[in-house]
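1. I would like to see how this sequence folds:
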Amino acid sequence: MPNEFYALMGRMRYITRWGLMRNTFSENIQEHSYQVAVLAHALALIRRDILQLSGPDPDKCAVAALYHDVSEIVTGDMPTPIKYYNPHIKSAYKQVERIAGNHLLDMLPPQLRESYAPLVLEDDPEVKPTVKAADKLSAYIKCIEEQKAGNREFDSAAQQTLEALQALNMPEMDWFLSECLPAFALTLDQL
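-> Numbering: from 1, shown residues only. Modelled structure (predicted):
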């Protein structure tokens, strides 16, 4: 049997996000995963090097973030309002994601499955909160970029996502929001 796992990873670029929203520009899960990896790495570094707090390894956070949405290669991107509509749908979708993740792991040589399992199944409790926070931060940055382009469709999502980020009570997120986030509203000339 050929090892299809890596070929499928390349198909992440075909899975678009924000399917229920009118987008000024589309975003796929490959682009999104890269941004989440950069943000997760940054959050972990900020926590460790600026705030001098203990926390997860920044490199582990980055790698976990690269794989955090790979099950969507099989399932597609389920819009957040549907995914979290009620506890039954959320639980069922988590099961679907787990089945999809295990299906992907089965495509790897047996010797690699153990190394990939915590990434594909999002099972590392040490890095998971940082990756989830970076994922939400990426969504907020998408909202800012859409608003910057004049797309008011993202106004409500931006407000709700910012409130969720502030409610995380993560000092590294608070630092990022105050010190780094304002630059995302700038134009290239302003940067």
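
2. contacts and neighbour counts: CA atoms only from here.
-> Noted.

3. Which residue is the nearest non-sequential neighbour of the residue most central in space within the chain?
-> What sits nearest the mean C-alpha location of the chain, by Cα atoms, centre = their mean, is Asp135, with 3.1 Å. Once flanking residues are discounted, Asp135 sits nearest to Val36: 5.4 Å by Cα to Cα, 6 or more residues apart in numbering.

4. thinking again about what came up before, does the residue nearest to the centre of the chain count as helix, strand or coil?
-> State at Asp135, reduced to three classes by DSSP: H, G, I helix; E, B strand; the rest coil: helix.

5. ok, it touching Tyr34?
-> No - counting by Cα atoms under 8 Å, Asp135 stays clear of Tyr34, with 10.4 Å between them.

6. quick one on the thing from earlier: from Met170, how far off is the residue nearest to Asp135?
-> 16 Å (Cα to Cα, to the nearest Å).

7. Could you list the buried residues of the worst-scoring helix or strand of the chain on mean pLDDT?
-> Counting by mean pLDDT, DSSP states H and E, the weakest-scoring helix or strand in the chain turns out to be helix 80-83, with a mean of 74. By neighbour count on 16 or more other Cα atoms under 10 Å, the buried set for helix 80-83 is Lys83.

8. This structure: helices as residue ranges?
-> 5-9, 29-45, 58-66, 72-75, 80-83, 87-105, 110-120, 128-148, 155-167, 171-179 (DSSP state H).

9. Counting neighbours, what do you get for Arg11?
-> Close neighbours of Arg11, defined as other Cα atoms under 10 Å, add up to 15.

10. now do Asp123
-> With other Cα under 10 Å as criterion, Asp123 counts 12.

11. quick one on the thing from earlier: and the gap between the residue nearest to the centre of the chain and Pro129?
-> Distance from Asp135 to Pro129, by Cα to Cα: 10 Å.

12. Just list the residues touching the closest residue to Thr130 other than its chain neighbours, thanks.
-> Residue nearest to Thr130 in three dimensions, not counting chain neighbours: Ala40, with 5.8 Å by Cα to Cα, 6+ apart. The contact partners of Ala40, taken as Cα atoms under 8 Å, 6 or more residues apart in numbering, are Pro58, Cys61, Ala62, Ala65, Thr130, Val131, Ala133, Ala134.

13. Rebuild the residues you listed as CSV, extending it with distance to Ile50.
-> Output for those, formatted as CSV (distance: Cα to Cα, whole Å):
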residue, distance to Ile50
Pro58, 13
Cys61, 17
Ala62, 18
Ala65, 21
Thr130, 16
Val131, 19
Ala133, 18
Ala134, 17
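
14. quick one: which of the residues you listed is nearest to Trp18?
-> Ala134 (16.8 Å; Cα to Cα).

15. gap between that closest one and Leu112?
-> Counting by Cα to Cα - Ala134 and Leu112 are separated by 26 Å.

16. same thing with Asn28?
-> 26 Å.

17. quick one: which of the two has more around it?
-> Asn28 (16 against 12).

18. Please name the residues that touch the residue lying closest to that one once chain neighbours are set aside.
-> Distances taken as Cα to Cα, 6+ apart place Thr16 nearest to Asn28, at 4.1 Å, with adjacent residues excluded. Residues near Thr16 by Cα under 8 Å, 6+ apart: Ser26, Glu27, Asn28, Ile29, Asp77.
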